[in-house]
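Enquirer: take this sequence and fold it.
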Amino acid sequence: MLDHEAEAAHYDRTRGGVPRTGAAAAAVLRLVPPGARTPLDLACGTGLVTGRLVRPGLRVYGADAAHAMLRVAAGRVPGRAVRADARSLPLPDASLDAVCAVWLLRLVPFAADIVAEAARVLRPGGGLITTVDKDAAHDVGGDIDAVLRPHRRAGAASDGSGPIARAAAAHGLVPAAGARFTGRGQGRTPRDTVRKPRAGRFASWFRGGPAVVDELAAALAALPDQDRRRPDPRYRLVSFAGRG
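Expert: Predicted structure coming up:
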């Protein structure tokens, strides 16, 4: 897992920056319940998405566990960024209209606990909005994917849409609308992809030890057009509504 304290200084630049986060924010806004006033953006990071969740009457707050991320976020959403564990929010029951979790659940082994906490702080009729199946979104059916696919562990992702839906149902949240958005500038190149398994970046789904990593790296290095980006991924957002 990334050290988000250390990553804060260059996180935006290496994660698609404004183009990707603008697309994400627009998709999230489509799913925020009508009439919502106080959404919370969980794991808000540097606040790049949080600061773009803008529409009349909406005052969005951000929460993150990393001090360095929050220092950046505080400049984008002044007075509305707080340090908090997503499993134990410093908020009373039924206090929020919506909770957003963009690219969070895939990073942790306790996604169900985060869903439970979101359900606790949502008002009746409030909505949980989250990305799911992020790793699968990067499989765009190209030559890089043909190399990676045999090494994927089926069902290993903590943000799998099935487990997340079951966790939501266990706390009275029912499926609502969904949306998709393009990860602009996030298409992979063979040369960049070679470095990722060596750095442990595919830990959520990669199956194999050092010898398999070497085999994978050789296959990726043999692909043509080493620096040409393949198609951008299409990320998936789902939402769940609280009863009432």
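Enquirer: can you give me the end-to-end distance of stretch 97-109?
Expert: 26 Å (CA to CA, to the nearest Å).
Enquirer: now the strands for the protein?
Expert: 39-42, 61-64, 81-83, 96-101, 122-132, 173-182, 234-242 (DSSP state E).
Enquirer: partners of the second one in the sheet?
Expert: Based on DSSP bridges, the pairing partners of strand 61-64 within the sheet are strand 39-42 (parallel), strand 81-83 (parallel).
Enquirer: of those strands, which is nearest L96?
Expert: Proximity to L96 (CB to CB) singles out strand 39-42 among these, at 5.3 Å. C-beta coordinates here come from the backbone N, C-alpha and C atoms, glycine included.
Enquirer: what mean pLDDT does the closest one have?
Expert: Across strand 39-42, pLDDT averages out at 97.
Enquirer: which residues sit against it?
Expert: The contact list for strand 39-42 (CB atoms under 8 Å, 6 or more residues apart in numbering) reads 32, 47, 49-50, 53, 58, 60-63, 86, 89, 91, 96-102, 104, 114, 118, 121.
Enquirer: 6 Å instead?
Expert: By CB atoms under 6 Å, 6 or more residues apart in numbering, the surrounding residues in contact with strand 39-42 are 32, 50, 60-63, 86, 96-101, 104.
Enquirer: swap in stretch 205-212?
Expert: With CB under 6 Å, 6+ apart, stretch 205-212 has contacts from D135, H151, R152, R153, A156, P197.
Enquirer: count of residues packed around G208?
Expert: 15 (other CB atoms under 10 Å).
Enquirer: next one: M69
Expert: M69 has 23 nearby residues by other CB under 10 Å.
Enquirer: for V115, give me its contacts.
Expert: V115 neighbours (CB under 6 Å, 6+ apart): A167, A168.
Enquirer: one more time with 10 Å, if that's ok
Expert: 86-87, 99, 101, 105, 128, 130, 163-171, 173, 240 (CB atoms under 10 Å, 6 or more residues apart in numbering).
Enquirer: out of the residues you listed, which end up buried?
Expert: Neighbour counting by 16 or more other CB atoms under 10 Å classes 86, 99, 101, 105, 128, 130, 163-165, 167-168, 171, 173, 240 among these as buried.
Enquirer: might one say that R228 is in contact with P190?
Expert: Yes: between R228 and P190 there is a contact under CB atoms under 10 Å: 8.3 Å.
Enquirer: now do P19 against A94, distance only.
Expert: Here the criterion is CB to CB, to the nearest Å. By it, P19 lies 36 Å from A94.
Enquirer: all the helices of this protein, residue numbers only.
Expert: For the chain, the helices defined by DSSP state H occupy 4-7, 11-14, 17-31, 67-76, 111-121, 134-137, 143-148, 161-170, 190-198, 210-221.
Enquirer: what angle separates the longest one from strand 234-242?
Expert: This means helix 17-31. 30 degrees (axes from the mean of the first three to the mean of the last three CA atoms, to 10 degrees).
Enquirer: same thing with the last one?
Expert: Taking the same axes, to 10 degrees, one finds that helix 210-221 is oriented at 120 degrees with respect to strand 234-242.
Enquirer: model confidence over helix 210-221, on average?
Expert: Computed over helix 210-221, the average pLDDT equals 92.
Enquirer: that concludes my questions; thank you for your assistance.
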